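> how would this look folded up:
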Amino acid sequence: MSHPEPVARRMYDLVEPIGLVPYFADEADEALMALGLRNPWDAYFAGRAAPLGRGVPADVVHAIFYNFAPGEVARHLPRVWELTTPEAALAARERGCVAGMRRILGELADDPAVARAADLLLKAATSARVEGRALYAALRALPVPEEPVARLWHAATLLREHRGDGHTVALVTEGIGGTEAHVLHALSVDMPANEFGRVWHLPAAQLTAVIDGLRDRGLVGTDGWLTTAGRATKERVEALTDRLAEPPYDALTAGELGCLIADLAPISAAFRTAFPS
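Reported below is the predicted structural model:
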């Protein structure tokens with residue numbers, strides 16, 4: 001007997017493509033780079049860490065972001081705040097993301113469905129508790145945009161970081177470190193870890209040590225792929241992540257949730273088509 005798909009998993013499939021706009025729409029990087037940043041990774045850390053403010057040390061941002069290799073955050077923070085300010089980075093990120101969304105959505109950007117989806121998604125996104133969710137809490141403290149496309153992006157970003165904070169909890173629960181999480185994910189989709197985008201650049205010895213550590217725990221086999229225990233661990237991480245991502249959607253009635261899903265479907269499809277899989 002099949003089990004119904006969790007609401008959080010269904011909504012993740014619809015919201016995640018919108019949440020990926022800062023990382024795949026060129027306009028987002030261009031707007032941030034125009035502030036004088038040195039490279040796209042400067043733009044990434046300035047844009048995503050800006051809600052935390054200027055004074056948060058790199059080690060703290062590393063802990064919150066969780067899944068970067070040691071030292072990667074410190075190559076960009078706090079240096080980016082010598083080149084721009086968190087306030088300017090936030091404004092540029094929103095401006096660039098809205099421009100990218102409008103380009104991708106075309107006429108759909110001004111469809112009433114976007115405004116309806118933005119309002120309902122924002123209702124969900126601002127309803128959850130903030131305890132234990134540092135990045136989500138920081139985003140909740142920001143002003144909410146008025147323009148519908150900007151509101152939709154803001155709501156999607158809130159929900160993406162809410163889910164991300166919960167995903168970190170799930171990984172910690174299973175004893176999976178940040179770099180290990182990327183290896184676990186790559187192998188779970190039958191991709192060699194050294195080909196996965198977030199860890200392929202690591203020195204071979206460093207990546208091998210991570211894989212060896214997972215092998216010592218019985219999560220990776222001698223063939224280099226996940227064992228039954230490894231796949232079970234990945235499934236538990238995803239299941240707990242889904243459970244922890246459910247609370248925002250409890251704020252919506254069944255009717256509101258149905259309307260939101262219907263309005264988001266074509267919007268989400270446009271971004272899935274535009275962005276690489």
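
> what about stretch 137-147, start to end distance?
22 Å (CA to CA, to the nearest Å).

> So what's the gap between that stretch and the chain middle?
In this view, stretch 137-147 has its centroid 17 Å away from the chain centroid, taken as CA atoms, centre = their mean, to the nearest Å.

> just checking, what packs against the longest helix belonging to the chain?
Identified as the longest helix of the chain according to DSSP state H is helix 148-173. Helix 148-173 sits against helix 7-19, helix 21-24, helix 86-105, helix 112-125, helix 134-140, helix 228-244, with contacts defined as 3 or more CB pairs under 8 Å, 6 or more residues apart in numbering; DSSP states H and E. Quick note: C-beta positions are derived from backbone N, CA and C, even for glycine.

> list the contacts for residue 67?
178, 179, 181, 182, 198 (CB atoms under 8 Å, 6 or more residues apart in numbering).

> Ok, residue 70 next?
residue 62.

> Test my guess that residue 179 contacts residue 200.
No - contact criterion CB atoms under 8 Å: residue 179 and residue 200 do not qualify, at 11.9 Å.

> ok, those two, which is more surrounded?
Comparing residue 179 with residue 200 by other CB atoms under 10 Å, the one with more neighbours is residue 179, at 24 against 14.

> any idea which element the more buried one lies in?
helix 178-188 (DSSP states H and E).

> Spatially central, which residue of this structure would that be?
What sits nearest the mean C-alpha location of the chain, by CA atoms, centre = their mean, is residue 160, with 4.9 Å.

> before we move on, back to that, the helix holding residue 179: how far from the chain's middle?
That offset, for helix 178-188, works out to 15 Å (CA atoms, centre = their mean).

> Could you list every helix and strand in contact with it?
helix 204-216, helix 228-244.

> Return the closest of the contacts of residue 67 with respect to residue 104.
residue 198 (23.5 Å; CB to CB).

> pretty sure that closest one contacts residue 182?
Yes - counting by CB under 8 Å, residue 198 sits close enough to residue 182 to count as a contact (4.7 Å).

> These two - which one has more neighbours?
Shown here are residue 198 and residue 182; by other CB under 10 Å, residue 182 has more neighbours (23 against 18).

> Tell me who's in contact with residue 200.
Counted by CB under 8 Å, 6+ apart, residue 200 has contacts 193, 194.

> what do you get if the cut-off is 6 Å, keeping everything else the same?
residue 194 (CB atoms under 6 Å, 6 or more residues apart in numbering).

> Which pLDDT value belongs to it?
For residue 200, the pLDDT comes out at 86.

> cool, and the one 5 residues further on?
Per-residue confidence at residue 205 stands at 94 (pLDDT).

> Kindly report the same for residue 40.
94.

> distance of it from residue 156?
Plainly put, residue 40 is 21 Å away from residue 156 if you go by CB to CB, to the nearest Å.

> swap in residue 65?
For residue 65 relative to residue 156 (CB to CB), the value is 18 Å.

> Then residue 240?
Distance, residue 240 to residue 156, by CB to CB: 22 Å.

> what about these two, which has more around it?
residue 156 (29 against 17).

> The more buried one and residue 57: what is the separation?
As for residue 156, its distance to residue 57 is 28 Å (criterion: CB to CB).

> same check, this time on residue 94
On the measure of CB to CB, residue 94 and residue 57 end up 25 Å apart.

> No further queries at this time; thank you.
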